[in-house]
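*Asks:* Provide a 3D model corresponding to the input given below.
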Amino acid sequence: MKNQINFSDIFKSNFLEKVSSFSLLDAAIAFGLAFCIGLFIYFVYKKTYKGVMYSRSFSISLIALTMITTLMILAVTSNVVLSLGMVGALSIVRFRSAIKDPMDIAYLFWSIAVGIILGAGMIPLAVFGSLFIGIILVLFVNKDNTDNPYILVVNCEDDKAESNVMNIIKGKVKKYVVKSKTITGGKGIEVTVEVRLKSMETEFVNEISRQNGVESAVMVSYNGDYMS
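*Replies:* Residues are numbered from 1 along each chain as shown. Prediction:
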């Protein structure tokens, strides 16, 4: 005798059993905490950003990434088969956007880690770990470091102006090294100097720009932050 599946058997499937076993309260707590910690990561990133152009879309994506990872882990922890399928699906995903600042990668991993920890139910670890990481980043990233190298690019009209510029640099910075010198058409001179500051004051750049025969003076840090 052949087995027959009637209409009532459909509603006895494992699918409905999974739906009934789903805890809406646990999911709401996990998503609420994911949003709060993601928002905390957002503000820490905004506070510690040192680049030239702040990307608001990237900082908002940190919140979304935390919540999406939490959603994935909540689903994976309840079903081994689903976890294997999700690993296979995510293996084809490639992050193709260029990450210029290594700190951006740290924030991405922070958001993903928090989502994984919250999805696994380890709430105290996610909360206290995020607080600790946030405090460390604010303290160390925002700390002024005068030993960081900067690049000073000066355009001069003649040798006399170049000599005056080098004398000012010698007296105002802690250390300097001439990286390159370019002469354009026998007239203009462009000098590139690596400098290490005695303090975070950059008034000497203004002094250089006021010298006779100096067309422009620009100082940038190695990560592209304009100082003047």
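*Asks:* Give the next helix or strand downstream of the longest helix seen in the chain.
*Replies:* Ranked by residue count under DSSP state H, the longest helix found in the chain is helix 24-48. Counting by DSSP states H and E, the next helix or strand C-terminal to helix 24-48 is helix 56-76.
*Asks:* what's next to that following helix, contact-wise?
*Replies:* 26-27, 30-31, 34-35, 37-39, 41-42, 45-46, 82-83, 86, 104, 107-108, 110-112, 114-116, 118-120 (Cβ atoms under 8 Å, 6 or more residues apart in numbering). No exception for glycine: its C-beta is placed from N, CA and C like everyone else's.
*Asks:* returning to that earlier point: same question for the longest helix of the chain, mean pLDDT?
*Replies:* Averaged across helix 24-48, the pLDDT comes to 91.
*Asks:* Okay, now the sheet partners of whatever helix or strand Lys175 lives in, with direction.
*Replies:* Counting by DSSP H and E, the element that carries Lys175 is strand 173-184. Paired strands of strand 173-184, with direction, are strand 188-197 (antiparallel) (DSSP bridges).
*Asks:* which of the residues in the partner strand are buried?
*Replies:* Buried positions in strand 188-197, judged by neighbour count with 16 or more other Cβ atoms under 10 Å: Ile189, Glu190, Val191, Val193, Glu194, Val195, Leu197.
*Asks:* Next secondary structure after it?
*Replies:* helix 203-209.
*Asks:* which residues does Tyr176 contact?
*Replies:* If you count contacts by Cβ under 8 Å, 6+ apart, Tyr176 has them with Leu152, Ile169, Lys170, Val193, Glu194, Val195, Arg196.
*Asks:* try it again with 6 Å
*Replies:* By Cβ atoms under 6 Å, 6 or more residues apart in numbering, the contact list for Tyr176 reads Ile169, Val193, Val195.
*Asks:* same thing with Val141?
*Replies:* Going by Cβ under 6 Å, 6+ apart, Val141 touches Thr48.
*Asks:* pLDDT weak spots in the protein?
*Replies:* The model of the chain has pLDDT under 70 over residues 1-22, 51-52, 78-100, 142-147, 186-187, 222-228.
*Asks:* quick check: domain ranges of it?
*Replies:* The chain resolves into domains spanning 7-140, 147-219 when parsed by the TED database.
*Asks:* on that earlier part again, other residues contacting the longest helix of the chain?
*Replies:* Here helix 24-48 has contacts from 59, 62-63, 66-67, 70, 107, 110-111, 114, 118, 130, 134, 137, 141, using Cβ under 6 Å, 6+ apart.
*Asks:* Tell me the buried residues in that helix?
*Replies:* By neighbour count on 16+ other Cβ under 10 Å, the buried set for helix 24-48 is Ala30, Phe31, Leu33, Ala34, Ile37, Gly38, Phe40, Ile41, Tyr42, Val44, Tyr45, Thr48.
*Asks:* just the angle between that helix and helix 56-76, please?
*Replies:* Angle between the axes of helix 24-48 and helix 56-76 is 150 degrees (criterion: axes from the mean of the first three to the mean of the last three Cα atoms, to 10 degrees).
*Asks:* quick revisit: ok, of the buried residues of strand 188-197, which one's closest to Val178?
*Replies:* Val193 (5.4 Å; Cβ to Cβ).
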